[in-house]
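Peer 1: 3D model of this:
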Amino acid sequence: MKREYIKNVLSKEEIGSEITVCGWIRTRRDSKGGFSFIELNDGSCFRNLQIIAEASLVNYESDVVKLYPGCSVKITGTVVKSQGTEQPLELRANSLKVLGFCDPEIYPLQKQRISFEKLREEAHLRARTNSFGAIARLRNDLAFSTHKFFQERGFLYLHSPIITCSDCEGAGEMFQVTTLDLEKLPKTEKGNIDYTQDFFGRKANLTVSGQLEGETYACALGNIYTFGPTFRAENSNTRRHLAEFWMIEPEMAFADINDNADLAEDYIRYLMKSVLKNSEEDLKFFDNRISKGLIDNLCRIEASTFKRITYTEAISILEKSGEKFEFPVQWGIDLQSEHERYLTENYFKGPVIVMNYPKDIKAFYMRINDDGKTVAAMDVLVPGVGEIIGGSQREERLEIIEEKIKNMGQNIKDFWWYLDLRRFGSVPHSGFGLGFERMVQFCSGMNNIRDVIPYPRTPKSADF
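Peer 2: Just a heads-up that it's a prediction; the model follows:
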């Protein structure tokens, strides 16, 4: 008999039907009446399916009474109306096959609550818990909704390269990729490492962004988006940083900074609407156990019109706030999380898009405004997180971007293909980047970003 997902069983409520389910035992409770209650979960939804296993089962004494949390089973039975109030139905087992026993003495996931810190040490098993099962389903919904949003708007999905020889952000915080023997590195006559003998014939790294490659396709096909892993060799151990994370980066030809802001705002509202509709059970869990008021906050974002201000206006608001910030406020600083959260949580009490940042604190590819001091950059800020999207209108003028690359200390020859976009049919174009884990963190209320990705990669930690 074909296996049924518990999610479908609980939603159909087909009393009297015979079905087969598979999953992992969450709890087993024996009754004096000669039967056992089993809570079974298969990961398809937050809820468990209650199984009634009677002592008349041929393997009741040999198998059923030895079932502990973590055991895997295949059960065929009849759907009956539940005598309890927590769920409308339960499954009366006609046969129960144990697929894998689990020793309760050594299984790390018991009924008592386990800290998230401890569960990071058991990352290969933590998806079996309520919290991480819910995170996995939420990630899935957000990823599917991302593709749906851009596909509905005519964007093409582009697979940008993971290995690159250019530094998009110019920060130098990149992981090097090499096949050279580190014990016997080849050297040039000047004593430097001879990268001509490396696999790619030059120094290569893991990408920090697919933006530059995305621009080339946008300037040929109109609108594209990338959605893939990116890497930062930043020695940061905060609750907001990962060394490996996923980025969503749309790029639009014939679009300015205002078009960019419109897309970012529509995208965030779309995601809010999607998770509120499709992840209702999991969000209720997060609201009850992780972050009180989470659902109300997501509803407010979904219904909001995002306030738009300039960077200069933001600095003025912060200077007049009377707040004692850890990082002093003055024009020219890069806004810190405490500044962003003040703007969203205290002043505007909602999402904010800050635009036109000082050119000296932004990347080389951002378009210089007519004032000569600012660039057409934007950050989307949301309550509880701060910046969740960063983007800009790109500099489409060849002579200006060449000068900026030189000032950055980069070899202009490395960007010859990128500069060709400005030589051959240059057009205004814009785009942004959203760190996917930041969005999962925002929608779940989870405090630490390491708990919203299956296997977090952080300094001194690359387990599993």
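
Peer 1: could you find the closest non-adjacent residue to Ala444?
Peer 2: One thing to correct before we go on: residue 444 is Ser, not Ala. Phe286 (5.0 Å; Cβ to Cβ, 6 or more residues apart in numbering). No exception for glycine: its C-beta is placed from N, CA and C like everyone else's.

Peer 1: all the helices of the protein, residue numbers only.
Peer 2: For the chain, helices defined by DSSP state H occupy the ranges 6-12, 116-119, 130-152, 211-221, 257-278, 280-285, 294-303, 311-319, 337-341, 398-407, 416-423, 436-444.

Peer 1: so what's Ala93 up against?
Peer 2: Shown in contact with Ala93 (Cβ atoms under 8 Å, 6 or more residues apart in numbering): Ile51, Ile52, Ala53, Glu54, Leu57, Ile75, Thr76, Gly77.

Peer 1: report the separation between the first one and Arg239.
Peer 2: Ile51 sits 39 Å away from Arg239, taking Cβ to Cβ, to the nearest Å as the criterion.

Peer 1: check the third one too.
Peer 2: For Ala53, the distance to Arg239 under the criterion Cβ to Cβ works out to 43 Å.

Peer 1: could you do the fourth one as well?
Peer 2: Counting by Cβ to Cβ, the gap between Glu54 and Arg239 amounts to 48 Å.

Peer 1: which one's more surrounded, these two?
Peer 2: The neighbour comparison of Glu54 against Arg239 (other Cβ atoms under 10 Å) goes to Glu54, with 15 against 11.

Peer 1: surely that one touches Thr78?
Peer 2: No: Glu54 is not in contact with Thr78 according to Cβ atoms under 8 Å; the separation is 11.6 Å.

Peer 1: apart from its chain neighbours, what residue comes closest to Lys66?
Peer 2: Here the residue nearest Lys66, using Cβ to Cβ, 6+ apart, is Phe101, at 6.9 Å.

Peer 1: may I see the buried residues of the longest strand anywhere in the chain?
Peer 2: Taking DSSP state E as the criterion, the chain has its longest strand at strand 18-31. Judged by neighbour count (16 or more other Cβ atoms under 10 Å), strand 18-31 contains these buried residues: Ile19, Thr20, Val21, Cys22, Gly23, Trp24, Ile25, Arg26, Arg28.

Peer 1: touching, the first one and Asn8? I think so.
Peer 2: What that stands for is Ile19. No: between Ile19 and Asn8 there is no contact under Cβ under 8 Å: 9.3 Å.

Peer 1: need the overlap of contacts for the two.
Peer 2: Counting by Cβ under 8 Å, 6+ apart, nothing touches both Ile19 and Asn8.

Peer 1: pLDDT below threshold where in this protein?
Peer 2: 168-172 (pLDDT under 70).

Peer 1: try it again at 80.
Peer 2: Low-confidence regions of the chain, defined by pLDDT under 80, span residues 13, 33, 84-86, 111, 166-172.

Peer 1: out of the contacts of Ala93, which is most surrounded?
Peer 2: Ala53 (27 neighbours).

Peer 1: roughly how far does it sit from Gly43?
Peer 2: For Ala53, the distance to Gly43 - Cβ to Cβ - is 21 Å.

Peer 1: do the same with Glu4
Peer 2: Applying Cβ to Cβ to Glu4 and Gly43 gives a distance of 13 Å.

Peer 1: partner residues bridging Asn41?
Peer 2: For Asn41, the beta-bridge partners are Trp24 (DSSP bridges).

Peer 1: for it, what are its contacts?
Peer 2: Ile6, Gly23, Trp24, Arg26, Arg47, Asn48, Leu49, Arg128, Gly133.

Peer 1: quick revisit: surely the residue nearest to Lys66 touches Pro69?
Peer 2: No: Phe101 sits out of contact with Pro69 when judged by Cβ under 8 Å, with a separation of 11.5 Å.

Peer 1: just name the closest of the contacts of Asn41 to Lys97, please.
Peer 2: Gly23 (12.2 Å; Cβ to Cβ).

Peer 1: grab the nearest non-local neighbour of the closest one.
Peer 2: Nearest one to Gly23, counting by Cβ to Cβ, 6+ apart, is Asp42 at 3.5 Å.

Peer 1: neighbours of that neighbour, how many?
Peer 2: By the criterion of other Cβ under 10 Å, Asp42 has 19 neighbours.

Peer 1: equivalent analysis for Val73, please.
Peer 2: Val73, neighbours per other Cβ under 10 Å, totals 23.

Peer 1: so who does it touch?
Peer 2: Per Cβ under 8 Å, 6+ apart, neighbours of Val73: Cys22, Gly23, Trp24, Ile25, Ile38, Leu40, Leu67, Leu96, Lys97, Val98, Leu99.

Peer 1: any idea how far it lies from Tyr5?
Peer 2: Val73 is 15 Å from Tyr5, by Cβ to Cβ.

Peer 1: go on, Asp451?
Peer 2: From Asp451 to Tyr5 the distance is 25 Å (Cβ to Cβ).

Peer 1: the two: who's more crowded?
Peer 2: Asp451 (23 against 16).

Peer 1: hang on, isn't the more buried one packed against Lys118?
Peer 2: No: taking contacts as Cβ under 8 Å, Asp451 lies outside contact range of Lys118: 11.6 Å.

Peer 1: ok, back up a step: overlap in contacts of Glu54 and Thr78?
Peer 2: Shared contacts of Glu54 and Thr78, counting by Cβ under 8 Å, 6+ apart, come down to Arg92.

Peer 1: give me every residue that touches Ser304.
Peer 2: Arg269, Gly350, Pro351 are the contacts of Ser304 under Cβ under 8 Å, 6+ apart.

Peer 1: neighbour-wise, which one of these leads?
Peer 2: Pro351 (23 neighbours).

Peer 1: wait, it touches Gly384, no?
Peer 2: No: contact criterion Cβ under 8 Å: Pro351 and Gly384 do not qualify, at 10.6 Å.

Peer 1: overlap in contacts, these two.
Peer 2: Thr344.

Peer 1: picking that back up, among the buried residues of strand 18-31, which one lies nearest to Gln330?
Peer 2: Arg26 (54.6 Å).

Peer 1: you'd agree the closest one is up against Phe37?
Peer 2: No: Arg26 lies out of contact with Phe37 (Cβ under 8 Å); the separation is 10.9 Å.

Peer 1: could you check how far Glu265 is from Ile301?
Peer 2: 10 Å.

Peer 1: oh, that last question was meant for Met247, not what I typed.
Peer 2: From Met247 to Ile301 the distance is 21 Å (Cβ to Cβ).

Peer 1: one more: Ile449?
Peer 2: 19 Å.

Peer 1: show me the contacts for the residue nearest to Gly23.
Peer 2: By Cβ under 8 Å, 6+ apart, the neighbours of Asp42 are Tyr5, Ile6, Val21, Cys22, Gly23, Trp24, Leu49.
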